[in-house]
Each structure stands twice: as C-alpha cells, then as structure tokens.
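**Q** below is the sequence, then the predicted model.
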Amino acid sequence: MPSPMIAVFGRSRDTHNYENALRSLGVPFITTLDVQKADSATHLLLPGGGDITPAFFGQRNAGSRSIDTELDILQLQALSFFMEQKKPILGICKGMQLINVHLGGTIRQHIGTAGTHEWKEGDKMHRVYHCGVNRGDFFFQLYGTGTRVNSAHHQAIDKLGRDLVPVCRAADSVIEGIMHTSLPVIAVQWHPERIMESGGERLFHYFTGPVSTW
C-alpha cells in the first residue's frame, strides 16, 4: 500500500496548524488550492476557516461571517474531485460543513448556544458524545462513548446531506462528527490539529492509516 500524501486544501496563510500536525506525525503533505496539483495526493484535508457562502445552501446571509466565496468554490471542486475518486477525506470545522453542503445539506448560520462553542480569546472546551447507530464508526473506535474537544464555531449542521450520518453530538445536540455511509469521508466540528496530545493525534493517525480499518 502506498504511503499517504495529504493535500491540505486551503490558503497557506491559514493552514500552519494543520501542516504542523501532519509534520509532527511524519506524514508528507502539500498545501494547495490547485485541484490538478492536489491530484497527486492520496488524501484530502479540508481545513477550518470562515463561514460558507449561504447561497450555496439556498439561503440569504443570516449571521455568516468571514465569507470567502472564491475559496468555497475551489474547496467544493476539490471535494467533488476526491469523492469521485473515492479517496479518503477529512473535514475539520468548516471542512465538515462543506462536506454537508456539497451533499445537499444546510447550515444553521448562528446557533442559539454559540456562546458555548465559538472562539473568544481561545477555544471553548466541552464534551461530545457518541450518537452513532453502532459501535463501528470512527468516533467510537477512537474515543468510545465520549471525549473532551476544543470548539471554535458559531454555526452548525442543520439538515444532513445525502448519505451522511452523525457519529457524535455536543450536550446541546449540535452535530460534532459525521461520516459517509459508503465512502471514506469523515469530519469533525472541532480542531484536532490544536489538541494533538489530547486526542487529536488519534484522529490524524486514523485518517492517514489503512482505509480498510475505517
């Protein structure tokens, strides 16, 4: 089996934490916004960032912030490209929401419990709990019935996209992790790259390991 090569698909000025996480594991990567360059990679990492252009999920702006429509378009193109090839994909924070939108889902543009989730002078820490229908999903394999995570978002998945299932939620029922039912696509709402020594490393090892274990 060939060694993994990760395409971190984002603006290089915003991807240092993801690069450092992969570097700490000795996993090779490229950071790019060029789908053709990304084609040389075996895995796609969709990083966190600002909010998705609301028109992409059929809504007007109702609290979305730091929108970068050009970036959204490029990331959605890369997501489509990697899904067509059935290559492994990990979405983190905005990346999870992009996966949901790409598959026809929607976003709550500002959740009522944002104060317990959004970044203000640092990440918010809270627990998330397994909510999958069985114990074969990645969350239960890595964290059992629950784990403590860091949070930096004010939006959340509303309607789930096609063939996506939730695997964990916060205490306020916000979906914090999803997986695809037939493709190697997983995503979390928190930031594992910033808590490598507190559970983040496990998720990156899982993502870069053999897909046969997913």
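**A** Ah, there it is. Keep in mind that what you see is a predicted model, and the values were worked out from it rather than measured.
**Q** residue ranges for the helices of the chain, please.
**A** Taking DSSP state H as the criterion, the chain carries its helices at 16-24, 35-38, 69-84, 94-102, 138-143, 200-208.
**Q** what's the closest of the ones you listed to G50?
**A** Taking C-beta to C-beta as the measure, the helices of the chain were each checked against G50, and helix 94-102 came out nearest at 6.9 Å. To be clear about C-beta, it is placed using only N, CA and C from the backbone, and glycine gets the same treatment.
**Q** I'd like the distance from the closest one to the chain centre, please.
**A** Taking C-alpha atoms, centre = their mean, to the nearest Å, one finds helix 94-102 lying 7 Å from the centre of the chain it belongs to.
**Q** just the CA atoms of that helix, as CSV, please.
**A** What follows is helix 94-102 as a C-alpha-only set of coordinates in CSV (Å, rounded to 0.1, in the frame of the first residue of the first chain):
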residue,chain,number,x,y,z
LYS,A,94,-15.7,24.5,8.1
GLY,A,95,-14.5,21.4,6.2
MET,A,96,-17.2,19.3,7.9
GLN,A,97,-19.8,21.9,6.9
LEU,A,98,-18.5,22.0,3.3
ILE,A,99,-19.0,18.2,3.0
ASN,A,100,-22.5,18.6,4.3
VAL,A,101,-23.4,21.4,1.9
HIS,A,102,-21.8,19.6,-1.1
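**Q** what helices and strands are in contact with that helix?
**A** Judged by 3 or more C-beta pairs under 8 Å, 6 or more residues apart in numbering; DSSP states H and E, helix 94-102 is in contact with strand 43-46, helix 69-84, strand 89-92, strand 107-108, strand 156-157, strand 175-180, strand 185-188.
**Q** all good on my end, thank you.
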